[in-house]
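*Asks:* fold the following and give me the result.
(chains A and B)
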Amino acid sequence: MSSALDITRAVNPPRAAFLDYPLGHTTGKPHEPALQREILLQALEAFTSLTEPGSVKMLPFRWSEDQAWQATAQRGPDDRRPRYDTPQYQTDEDHRRAEAAGHRG
Amino acid sequence: MPVDYIPRIQEKYAQEGYPAYRWMVNSDPPPWQPLPQSLSRSRLGLVASGGIYVTGQVAFHYKDDTSWRAIPTDIKTTDLRTTHFAYDLTDARQDPNVVFPIDTLRGLVSEGVIGALAANAYTFMGGIYSARRVQEELAPQLLERLIAEDVDAVLFVPV
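*Replies:* Sure thing, here's the model as predicted:
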């Protein structure tokens, strides 16, 4: 699967399926299981339908009619988080559980 | 038109003070292996780079983390967590299936579309500056695990 076509072309995997959604949604929209299923069915179909090494199957789904998210992704501010070199837990409870399991950090 | 991420990422690395990023471009034809039997008779592996872990595991960090986690494919979806420096986690934290399609895949196994899932899925962080470290440290370990899982095919889900 891919939601970054230029990166996938550079990697050049044997076969790929491209979904033109914002990063963080490589396999669909949240809480839309029917859509997630359809996306994955069409992507998995590439295992048999693609016969040329390096082909990319373009999946026929759009995030929104106007695709306005693309302009933000191309030109918006850098909203990435700093490159912390310690584990970044989703919740404090996760941190406690990891330490209780005998892990450090 | 799809977003051009490579120039965006090059700009961002430059702002972080890294040397100019030399993007890895693989121009050789990729290796090719037809699916040995239909998907409905295949064992499918899942590898995802969105920083997914299970509560109780050590979370990933954000600076060239080349470690990986094994996640049992019968995991409770509510035990899955995501952490990443490079994408908006809002939706992935509400529904991990947007970057780790575990319920979707389990559904397709129940329907008979996929034969079976490997016992474990494998996850890592991505955003690793050195392609060489991915090639020499991370990729061989994942390959070894996938071979041990006896998979017929693998679905990669990068973010």
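*Asks:* state the distance from the residue lying closest to residue A:14 once chain neighbours are set aside to residue B:155.
*Replies:* In space, residue A:14 comes closest to residue B:30 once its chain neighbours are excluded; the distance is 4.4 Å by Cβ to Cβ, 6 or more residues apart in numbering or on different chains. C-beta here means a position set from N, CA and C on the backbone, and glycine is covered the same way. From residue B:30 over to residue B:155 the distance is 16 Å, taken as Cβ to Cβ, to the nearest Å.
*Asks:* which of these two has more residues huddled nearby?
*Replies:* Remark: of residue B:30 and residue B:155, residue B:155 carries more neighbours, 22 against 14, as counted by other Cβ atoms under 10 Å in any protein chain shown.
*Asks:* and the closest residue to that one other than its chain neighbours, how many neighbours?
*Replies:* Spatial nearest neighbour of residue B:155, excluding adjacent residues (Cβ to Cβ, 6+ apart): residue B:46 at 5.4 Å. Burial measure for residue B:46: 22 neighbouring residues, criterion other Cβ under 10 Å.
*Asks:* any idea how far the residue nearest to residue A:14 lies from residue A:7?
*Replies:* 15 Å.
*Asks:* what's the answer for residue B:66, then?
*Replies:* For residue B:66, the distance to residue A:7 equals 18 Å [Cβ to Cβ].
*Asks:* just residue B:6 next, same as before
*Replies:* Residue B:6 sits at a distance of 6 Å from residue A:7 (criterion: Cβ to Cβ).
*Asks:* same question for residue B:81.
*Replies:* As judged by Cβ to Cβ, residue B:81 and residue A:7 stand 25 Å apart.
*Asks:* more neighbours: these two, which one.
*Replies:* Each of residue B:81 and residue A:7 has its neighbours counted (other Cβ under 10 Å); residue B:81 has more, 23 against 16.
*Asks:* strands along chain B, start to end?
*Replies:* All strands of chain B, identified by DSSP state E, fall at B:43-48, B:52-54, B:68-72, B:80-82, B:116-117, B:120-124, B:153-157.
*Asks:* so which strand or helix has residue A:99?
*Replies:* Assigned by DSSP states H and E, residue A:99 belongs to helix A:92-100.
*Asks:* pull out the buried positions in that helix.
*Replies:* A:94-95, A:97-98 (16 or more other Cβ atoms under 10 Å in any protein chain shown).
*Asks:* nearest spatial neighbour of the spatially most central residue of chain B, chain-adjacent residues omitted?
*Replies:* Taking Cα atoms, centre = their mean as the criterion, residue B:48 is the residue nearest the geometric centre of chain B, at 1.7 Å. Among residues not flanking residue B:48 along the chain, residue B:157 sits closest, at 4.2 Å (Cβ to Cβ, 6+ apart).
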